[in-house]
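Asker: Show me the folded form of this:
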Amino acid sequence: MAQRRVVVTGMGAVTPVGCGLASFWEGLCAGRNGIDLITRFDASELKAKLAAEIRDFDPKQYLDAKLVRQTDRCQQYALAAAEQAVTDAGIAGKAAPERFGVYFGSGIGGFETFVSEHSNFLNRGPSRVSPFFITKMISNMSAGQIAIRYGAQGPCLDITTACATGTNAVGEAIRAIRHGYADVMIAGGADAVIHPLSMAGFINCQALTESTDRNAASIPFDKRRNGFVMGEGAGALVLEEYEHAVRRGAHIYAEAAGYGSTCDAYHVTAPDSEAKASSKAIADAFAESGFAGSASEIYINAHGTSTPLNDKTETAAIKRAFGEDTARKLHISSTKSMTGHLLGAAGAVEAIAAVKALETGIIPPTINYQEPDPECDLDITPNTALKTTVSLALSTSLGFGGHNACVAFKHI
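Answerer: I've put the predicted structure just below:
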């Protein structure tokens, strides 16, 4: 059986810099900073005071009141992004149910629900625990809810690979279509864990920045970096078999042309500084794309978390994957400088940014970059968006547990 081509026909984003594809992309190109002091709860006892909260989201724009009550914030973000993507693709009712699938993940799942219902249990007794506790909490339910909403009876999986979740979901969905298991897939990720308990946990494992300056907090590849900023949101892509998309006259953003997935098998939080496995994920996605053009026409949306180890290891991985001379010609940026770290949503949202860069020829910037680090010495598009030719766009993710993933997109 000949390998089938996969294209992107719809996208949706719920992010701290904008809800909706147009708002999200405009925010990135403008260098909009979605990071500020936490408003959702009293953070006075936490060492980390900043987060990238979503401030303009109304779940009732996407869900009826009953479903809002029955879902965690994480699922609401997921359903909203999926609704945007499905509407953008115009796919509703145009895919055979048994050939329509969902790969949608979460790094943590319904965290707010878990904490609130645990409090109910302790303070009010077991009879007062919500009957929706389990379905609001478990991480597979975003995928399940999306499948229910659109009657997608094909393959449906919750992928949970920490910070690589969204990228793995997109990549595995590409493979599902490519190898004939589905014709259409909704793929992406969501997370919503801006909460005192989760923040405390990330603070105590020394992952979050303690900066109180929103313009000096998420600063990927900058020598001053000292931890990431917690974000939240969701990203969804509609992936479709090429001929299926052409037959129905769909708008095609790009071809989903490559995917690489590896594991450091090294440490639960720290990346392997030798970057063997992470570089292979990037190299595999690049090789699979079949791209033979100029390095100066390649854009990489880097994982770029603003942690000391991640950014220098990712720099090493890119150099190892492409060779140092070629790596210096690539366009690279980290949109986490604006969105913070969206955990399980990050890879999906950043894949969308990569597709939009390919479509528009605009490289979104790495904002608030001031002090170069000799260990992070590639072109990271500092501070201002760049208009140029983009013929291949990649998005990389490096997650806790050593999970590495990379997806590649090119013009059809």
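
Asker: give me the beta-bridge partners of the closest residue in space to C163 that isn't next to it in sequence?
Answerer: Distances taken as Cβ to Cβ, 6 or more residues apart in numbering put G399 closest to C163, at 3.7 Å, once the chain neighbours are dropped. No exception for glycine: its C-beta is placed from N, CA and C like everyone else's. With DSSP bridges as the criterion, G399 is bridged to H403.

Asker: so how many other residues sit close to G399?
Answerer: Per other Cβ atoms under 10 Å, the neighbour tally for G399 reads 27.

Asker: show me where the chain has helices.
Answerer: Assignment of helices within the chain using DSSP state H yields the ranges 21-30, 65-69, 73-89, 111-124, 133-137, 141-150, 165-178, 196-204, 242-247, 276-289, 308-322, 324-327, 336-339, 346-360.

Asker: do you know which of those helices lies nearest V7?
Answerer: Across the helices of the chain, V7 has its closest neighbour in helix 242-247 (5.2 Å, Cβ to Cβ).

Asker: now the closest one: mean pLDDT?
Answerer: Taken as a whole, helix 242-247 carries a mean pLDDT of 98.

Asker: tell me which residues of it are tucked away?
Answerer: Judged by neighbour count (16 or more other Cβ atoms under 10 Å), helix 242-247 contains these buried residues: 242, 244-245.

Asker: Point out the one among the helices of the chain that comes closest to F228.
Answerer: Minimum separation from F228 across those (Cβ to Cβ) falls at helix 336-339, 7.0 Å.

Asker: Off-centre distance for that closest one?
Answerer: Its chain's average C-alpha position is 12 Å from that of helix 336-339, according to Cα atoms, centre = their mean, to the nearest Å.

Asker: same deal with stretch 351-358?
Answerer: 11 Å.

Asker: Buried residues, it. List them.
Answerer: Those would be 351-358, for stretch 351-358 by 16+ other Cβ under 10 Å.

Asker: what would the residues you listed look like in a markdown table with pLDDT and distance to A176?
Answerer: Below are the buried residues of stretch 351-358 laid out as a markdown table (pLDDT from 0 to 100; distance: Cβ to Cβ, whole Å):
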| residue | pLDDT | distance to A176 |
| --- | --- | --- |
| A351 | 98 | 16 |
| I352 | 99 | 19 |
| A353 | 98 | 23 |
| A354 | 98 | 20 |
| V355 | 98 | 19 |
| K356 | 98 | 23 |
| A357 | 98 | 25 |
| L358 | 98 | 22 |
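
Asker: before we move on, back to that, confidence score at the residue nearest to C163?
Answerer: pLDDT, read off for G399, is 96.

Asker: can you check M1 too?
Answerer: pLDDT at M1 comes out at 52.

Asker: from what I can see I194 touches R40, true?
Answerer: Yes. Under the criterion of Cβ atoms under 8 Å, I194 is in contact with R40, at a separation of 5.9 Å.

Asker: Among the two, which residue is more densely surrounded?
Answerer: I194 (24 against 14).

Asker: Just list the residues touching that one, thanks.
Answerer: 38, 40, 51, 53, 230-232 (Cβ atoms under 8 Å, 6 or more residues apart in numbering).

Asker: Pull out the buried members of these.
Answerer: For the contacts of I194, buried by 16+ other Cβ under 10 Å: 38, 51, 53, 230-232.

Asker: Where does pLDDT dip in the stretch 101-250 of the chain?
Answerer: Scanning the stretch 101-250 of the chain for pLDDT under 70 picks out nothing.

Asker: and the helices of the chain as CSV, adding distance to I300?
Answerer: CSV is the format used below for the helices of the chain (distance: least, Cβ to Cβ, whole Å):
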stretch, distance to I300
helix 21-30, 15
helix 65-69, 38
helix 73-89, 23
helix 111-124, 30
helix 133-137, 35
helix 141-150, 27
helix 165-178, 12
helix 196-204, 26
helix 242-247, 24
helix 276-289, 8
helix 308-322, 7
helix 324-327, 9
helix 336-339, 13
helix 346-360, 8
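
Asker: Pick the most deeply packed of those.
Answerer: Of all these, helix 336-339 carries the top mean neighbour count, a mean of 30, counting by mean count of other Cβ atoms under 10 Å.

Asker: What is the burial count for G109?
Answerer: With neighbours defined by other Cβ under 10 Å, the count for G109 comes to 26.

Asker: Likewise for Y62?
Answerer: 21.

Asker: which residue packs closest to it, ignoring adjacent ones?
Answerer: Y62's closest residue in space is A80 (Cβ to Cβ, 6+ apart), at 4.3 Å.

Asker: just L386 next, same as before
Answerer: Nearest non-adjacent residue to L386 (Cβ to Cβ, 6+ apart): I363, at 4.3 Å.
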